[in-house]
Structures are given as structure tokens and as C-alpha cells.
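Q: Kindly generate the corresponding structure for this input.
(4 chains)
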Protein chains: 2
Amino acid sequence: MQVGTFQRIFPGGYAPAACPSRTVLEHVTSKWGVLILVALVDGTLRWSELRRRVEGVSEKMLAQTLQTLEADGLVLREARPVIPPHVDYSLTSLGADLVKRLLPLLEWIGEHAEGIAGRAQ
Amino acid sequence: MQVGTFQRIFPGGYAPAACPSRTVLEHVTSKWGVLILVALVDGTLRWSELRRRVEGVSEKMLAQTLQTLEADGLVLREARPVIPPHVDYSLTSLGADLVKRLLPLLEWIGEHAEGIAGRAQ
DNA sequence: CAGAATCCTATACGATACTG
DNA sequence: CAGTATCGTATAGGATTCTG
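A: Residues are numbered from 1 along each chain as shown, chains lettered A, B, ... in the order given. Next up is the predicted model:
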């Protein structure tokens, strides 16, 4: 019997809520998750640089999302004990690997968004 | 001057809330958007098949997400006027194109979810 | 500068019941 | 079978203020 792409990639189907994949998927595809990860594609950024690059993000959501991504091992946070504070954020190798899969998606959306947004109300 | 990946892909930066890309990104990365799109990777599914394949989705969210994706031109809905009703859902060519970019991401998450979920609390 | 803390609101989401 | 309608809640997310 022929096995489809879905079966090949998800032999057990999408697992129910408890599945780790769901959790990670929701972290990554949270409103700001993708945007923050991709913002770090070219290397280290400071908190304030990140805030500027990810337009529209509130301080709360930036902090919260960064903490989640750090806990997931996707983002590295390095704080220098100086005054005023200096904190650098960068992708871990895991995070960089993930972003490689994210970029084609973002590029595609960038190319097609206009046409798509036109349809929807 | 050297132009980074971010600048190359997003010459104007991530536009503010008004940007169509943001809207499309949020549709696609909504809680069920990715799951529904990828569920259709191997071809047409009926409503009930979709509900079974996308485990855990409520009727409300399945209907709502499908409507959004249909309005976006990513999913095609074909209803046959029979009793009992028979409705087929499939990817449009645009949707199929998008799913090509989604699969590597989902595969990656499937491979790494265990390790990532282990870290986070 | 880089957040934490607090307060508040919109809405995403789910459960249930109903219908052509 | 394939939804719609209604209701209720959790929480995602934002605005603001405060601080080492």
C-alpha cells in the first residue's frame, strides 16, 4: 500500500494536546516567535536592537517570548554585569537550524502576502 | 557595505501591524492553520476526515480556520448538493506551494520536539 | 539599558446544543 | 454529514509604571 507524505512524516498522526511537537510548534508560531527568531538570523542583537527590528512588539511580549525561546534552547541570552546593563541575544545552533526552515516560509509569505491579503476581508 | 540575510529578505524590515505579511503569517501560524494545511498535503479530505486527522480540533475552530484559509485562497472547498452533505477540502495550487515550505519546518519540529520540550518546564 | 510588575481588555478557543 | 449558533473562559497580548 502506498504511503502518503503525511503518513511518512507523521507516522503516528498529529498527537493530541500532550504531544511535545504541539508545544514547540506553538512556541515557534506564537505571534512573535517567528519574528524574533528570524530577526536574529544575522547574529547577535541587543535588547533594544531587537525591539526596534521587531516592529510593534511590546516590552512584555518581547521579554516573555525571549524567555520561552531561551528555555527551549533556541536563543542564547548573555548579560554583561555592567552599568548600564548590556544584554546580547543570539541564536543557538539549534535555533539557527530552525531558522533555516523558517526563512523559506517567510520569504514565500513576503512574496505572496499582497495577493492573499487582497482576497480576504 | 555588507547586507545581511535579514536586510536581503526584508528590505523594509517587518512592517508594522498594517502589513499584509503579518496578517498572512498569523493566519498560517494560527493554532490550527499549519495543522490543517499540512493535513491536506496528500490530497482531498472530507470534513469528517479532516476532523479526525487534525486531532483535538473543535468543530468551531475547524470551520473557522477553514473559512479563513479558503478566503486566503489556500484551501478549496467543494460541496456536493446531496443528502447527506458531502464536502471536499483540498489545497489550491497556492496552498500546495505554501505547504512545501511548511513541511521542512514540521519535520524539523518532529525530530527535535522531544529534546526541546524536555528543557522547558 | 534591560527589564519586572501591575493592571486591563480583546479574542482565541472550547463545550454544548441545534439543524438542513 | 457538515456544519451554525450560543455561551463561557482562559490567556494572549498591550499600556503603563517602576527599578537596579
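Q: Could you list every helix and strand that the stretch of helix or strand A:Ile116 belongs to packs against?
A: Here A:Ile116 sits within helix A:93-119, counting by DSSP states H and E. Here helix A:93-119 touches helix A:33-39, helix B:5-9, helix B:20-28, helix B:93-119, going by 3 or more Cβ pairs under 8 Å, 6 or more residues apart in numbering or on different chains; DSSP states H and E. From N, CA and C alone the C-beta is placed, and that goes for glycine too.
Q: Try it again at 6 Å.
A: helix A:33-39, helix B:20-28, helix B:93-119 (3 or more Cβ pairs under 6 Å, 6 or more residues apart in numbering or on different chains; DSSP states H and E).
Q: Which positions within it qualify as buried?
A: For helix A:93-119, the neighbour count (16 or more other Cβ atoms under 10 Å in any protein chain shown) marks A:94-95, A:98-99, A:101-103, A:105-106, A:108-110, A:112-113, A:116-117 as buried.
Q: Relative to A:Ala113, how far out is A:Ala63?
A: A:Ala63 sits 28 Å away from A:Ala113, taking Cβ to Cβ, to the nearest Å as the criterion.
Q: what does chain A have sitting close to chain B?
A: Applying Cβ under 6 Å from any Cβ of the partner chain, we find that chain A lies next to chain B at A:4-6, A:9, A:14, A:16-17, A:20-21, A:23-25, A:29, A:35, A:41-42, A:55-56, A:71-73, A:101, A:104-105, A:107-110, A:113-114, A:116-117, A:119-120.
Q: could you measure A:Glu107 against B:Phe6, distance?
A: Here the criterion is Cβ to Cβ. By it, A:Glu107 lies 12 Å from B:Phe6.
Q: now the closest residue to A:Leu37 other than its chain neighbours: how far from A:Pro20?
A: Of all residues not flanking A:Leu37 in the chain, A:Val99 sits nearest, at 5.4 Å (Cβ to Cβ, 6 or more residues apart in numbering or on different chains). Counting by Cβ to Cβ, the gap from A:Val99 to A:Pro20 is 20 Å.
Q: ditto for A:Val38
A: For A:Val38, the distance to A:Pro20 - Cβ to Cβ - is 23 Å.
Q: the more surrounded of the two?
A: For A:Val38 versus A:Pro20, neighbours defined as other Cβ atoms under 10 Å in any protein chain shown are more numerous around A:Val38 (23 against 18).
Q: Which residues are in contact with that one?
A: By Cβ atoms under 6 Å, 6 or more residues apart in numbering or on different chains, the contact set of A:Val38 is A:102, A:106.
Q: and the gap between it and A:Val24?
A: 16 Å.
Q: same thing with A:Leu94?
A: Per Cβ to Cβ, A:Leu94 is found 11 Å from A:Val24.
Q: do A:Val75 as well
A: According to Cβ to Cβ, A:Val75 and A:Val24 sit 14 Å apart.
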